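Peer 1: Here is the input, now give the coordinates:
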Amino acid sequence: MTVQDIRAFNRFYTNVIGALDYSRHLYAPYTLTESRVLYELAHSPRTDAADLRGELALDAGYLSRILNKFEQDGLIERVPSKEDTRRRHITLTAHGRETAALLAERANESVGTLLSSVPAADRPRLSEAMRTVREILSEGRPPRREDVLLREPGPGDLGWIVQRNAALYAAEYGFNADYEGLVARIVADFAEDHDPHLERVWVAELDGRPVGSVMCVRDDAPGTARLRLLLVEPDARGLGIGDRLVGAVVDFARGVGYRDLVLWTNDVLTAARHVYQRRGFVLVAEKPHRSFGKDLVGQDWRLDLHGTGE
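Peer 2: Got it, this is the predicted structure:
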């Protein structure tokens, strides 16, 4: 392989994805770089300009102009950080979240159209080739937080959630098949009947494979959402994935108008409990019970979405 081989591939691929005319490609007034910055603001735990510069390797002046444009368009708000007043904390407005979601939807449709032209028999080969490129070009570099993508579930992902919950909880906590049955019912109920405007699933992806997931569904109590089935693969822990998944649920629930966000867990899940506490959840009740072949202490946690949130 030569330098010219890689440059030729780059020219081919940027043309395929419409990178040179991205705003027309997605029918939106934002370039590829601007759309990427908006994506990071919607999905990354890093929310100040310094972190965005480092994460995206952008020139400080260029990023400043992008953020100024976003502020003028009503997409973001900037306030001094509570931890360091020299830094500006950047958050998406409701309009910003809607715009980011619209761009993501159009990007998904664009890629879906591209993928539809690939014969089904060739798709595994294409996926493996893309995974090979990523692995070779990142060889020797440990995974970074910014390498993790939060996305909607694709075909097979809901089944993966059931399988990995069952396997991990059996390996780490000794849960029996009753737990797998519970997870399967939760996932089946979502798959068969959910409101996409009020209920969502997020899958965390690293190097082309799922490494985490979480669900947000309506609770029986009016105005209340429930966080369910938070999971992070053992080899992907330490990258802040659990916090990002919970943060995605909190932001979504608050954005669509829920008043409260609740969850049920067990006291043995200490790592998850620390994430909930950092996000502002408060323990409201706990009760011993016998489930999944174990003596456990169940816990109910609640977050007031009209409060500070964190």
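
Peer 1: quick one, what contacts the closest residue to Arg279 other than its chain neighbours?
Peer 2: Residue nearest to Arg279 in three dimensions, not counting chain neighbours: Val246, with 5.3 Å by CB to CB, 6 or more residues apart in numbering. For every residue, glycine as well, the C-beta is placed using N, CA and C. Shown in contact with Val246 (CB atoms under 8 Å, 6 or more residues apart in numbering): Val214, Leu227, Leu230, Val275, Tyr276, Arg279.

Peer 1: Quick check: which element contains the residue nearest to the fourth one when sequence neighbours are not counted?
Peer 2: Spatial nearest neighbour of Val275, excluding adjacent residues (CB to CB, 6+ apart): Gly242 at 4.7 Å. In this structure, Gly242 sits in helix 241-255 according to DSSP states H and E.

Peer 1: Would you indicate which residues of that helix are buried?
Peer 2: Residues of helix 241-255 classed as buried: 241-254 (neighbour count, 16 or more other CB atoms under 10 Å).

Peer 1: Next one: the residue nearest to Val275 from Ala204, what distance?
Peer 2: With distances taken as CB to CB, to the nearest Å, Gly242 is found 9 Å from Ala204.

Peer 1: wouldn't Asp207 be in contact with Leu137 here?
Peer 2: No - with contact defined as CB atoms under 8 Å, Asp207 does not count as touching Leu137 (10.9 Å).

Peer 1: The two: which is more packed in?
Peer 2: Legend: neighbour count by other CB atoms under 10 Å for Asp207 and Leu137, higher for Asp207 (14 against 9).

Peer 1: nearest residue to that one other than its sequence neighbours?
Peer 2: Arg134 (5.7 Å).

Peer 1: what is the rounded mean pLDDT of the helix or strand encompassing that neighbour?
Peer 2: Assigned by DSSP H and E, Arg134 belongs to helix 123-137. Mean pLDDT, helix 123-137: 83.

Peer 1: So Gly307, which state does it fall into?
Peer 2: coil (DSSP: H, G, I helix; E, B strand; the rest coil).

Peer 1: Could you pull up the residues touching it?
Peer 2: Gly280.

Peer 1: What of Asp235?
Peer 2: Contacts of Asp235 (CB under 8 Å, 6+ apart): Val211.
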